[in-house]
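K.L.:
Build me a model:
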Amino acid sequence: MTDASVSAAALSKSLASLREAEPLIQHLTNRVTINDVANITLHWGALPVMADGPDDGPEMAQGASAVLLNTGQVNDSLSEAIYETGLAANELGVPVVLDPVGMGSTPTRNELVERLLADVDFAAIKGNYGEITALAGAEAEVRGVESVGEYDEIEDTAQAVAESADTVVVASGETDIVATADAVYRVDSGHEMMGEVVGTGCMLGGTVATFCGGVDDTLTAALHATLAFGLVGERAADIDYNGPASYRTNFLDSVWNLTPDAAGDIDDDLSERVERVE
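P.N.:
Sure, this is the predicted structure:
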């Protein structure tokens, strides 16, 4: 992984790569947000497939460009499919992204995530502040799948997880953190309305997986995915909305409208949105 370039031109290049490659992104995710995750993958320019059976999951990984493992719902069948698909993707050299939804909330979820971390290699891990803190073995307050509480050490925590798992970590919160063992970045983009829509966390996980499937450098993929996700959240708020439902529609439309040309025309100095702090 290299020190990623963050500029309108660089983001435009990543978006163009997605549209040119049309990577197949396989999602093993929860039923609550599955449609939104599929749509956002499509709107970025990739192809979504939601193959999550114990047999079908590992088989589908053979044609995937990246695989997302989301632990938002846990049952015996899906848990086994998540585990086996992760192993299959590793054998095939397909990037795997983990979204440890609800990590720290129940022993069952914790056991599944710990099993995955022990046996599956991840290109990236994306979670909220509470989930990433729980992954590090530190005290975290997670209610259901939501992170609550204060996380003053989140930068160090994210970097610790990145180092222990040899991966890129995206910790989502008021300010998103992207960390490797060697570097930590603060990403300043997004809008408060994103927190009023169920599923934006899962959509960010899908976005990270999508960029990992179409952008060669994993750190660049994670940074550009996180930045682009926040930018469309801001753009969605610039369009009239009456509440969370209409904002959600604006959000998905804004993803579709952030084309390579639109990204290249961004006037803001995007390098000021991303601060390297470590």
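K.L.:
The residue lying closest to residue 276 once chain neighbours are set aside bridge partners, please.
P.N.:
Sequence neighbours aside, residue 185 is the residue nearest to residue 276 in space, at 5.4 Å (criterion: CB to CB, 6 or more residues apart in numbering). For the C-beta atoms, the positions are set from N, CA and C on the backbone; glycine is no exception. Going by DSSP bridges, residue 185 is paired in beta bridges with residue 178, residue 276.
K.L.:
which residues does residue 185 contact?
P.N.:
Residue 185 makes contact with 177, 178, 179, 223, 274, 275, 276, 277, according to CB atoms under 8 Å, 6 or more residues apart in numbering.
K.L.:
Confirm residue 18 sits in a helix?
P.N.:
Yes: the assignment for residue 18 is a helix, going by DSSP: H, G, I helix; E, B strand; the rest coil.
K.L.:
How much space separates the residue nearest to residue 276 from residue 177?
P.N.:
7 Å (CB to CB, to the nearest Å).
K.L.:
residue ranges with poor pLDDT in the stretch 51-200 of the chain?
P.N.:
Residues of the stretch 51-200 of the chain meeting the criterion pLDDT under 70: 139-150.
K.L.:
quick one, strands of it?
P.N.:
With DSSP state E, counting those that start in this stretch as the criterion, the stretch 51-200 of the chain has strands at 66-70, 96-99, 124-128, 141-143, 146-148, 168-172, 176-179, 184-187.
K.L.:
Tell me which of those sits nearest to residue 19.
P.N.:
strand 66-70 (15.4 Å; CB to CB).
K.L.:
Quick one: list the elements packing against that closest one.
P.N.:
strand 24-28, helix 76-92, strand 96-99, helix 200-214 (3 or more CB pairs under 8 Å, 6 or more residues apart in numbering; DSSP states H and E).
K.L.:
what about the longest helix seen in the chain, distance to the chain center?
P.N.:
In the chain, assigned by DSSP state H, the helix with the most residues is helix 218-237. Centroid displacement of helix 218-237 relative to its chain, using CA atoms, centre = their mean, to the nearest Å, is 10 Å.
K.L.:
Give the buried residues for it.
P.N.:
Neighbour counts using 16 or more other CB atoms under 10 Å place 218-233, 235-237 of helix 218-237 among the buried residues.
K.L.:
Which SSE is immediately downstream of that helix?
P.N.:
Counting by DSSP states H and E, the next helix or strand C-terminal to helix 218-237 is helix 244-257.
K.L.:
Which strands or helices does that following helix pack on?
P.N.:
Using 3+ CB pairs under 8 Å, 6+ apart: helix 244-257 touches helix 34-43, helix 218-237.
K.L.:
Pipe these into CSV and attach mean pLDDT and distance to residue 26 per row.
P.N.:
Listed next are the helices and strands packed on helix 244-257 as CSV, based on pLDDT from 0 to 100; distance: least, CB to CB, whole Å:
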stretch, mean pLDDT, distance to residue 26
helix 34-43, 98, 10
helix 218-237, 98, 16
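K.L.:
I appreciate the help and will end here.
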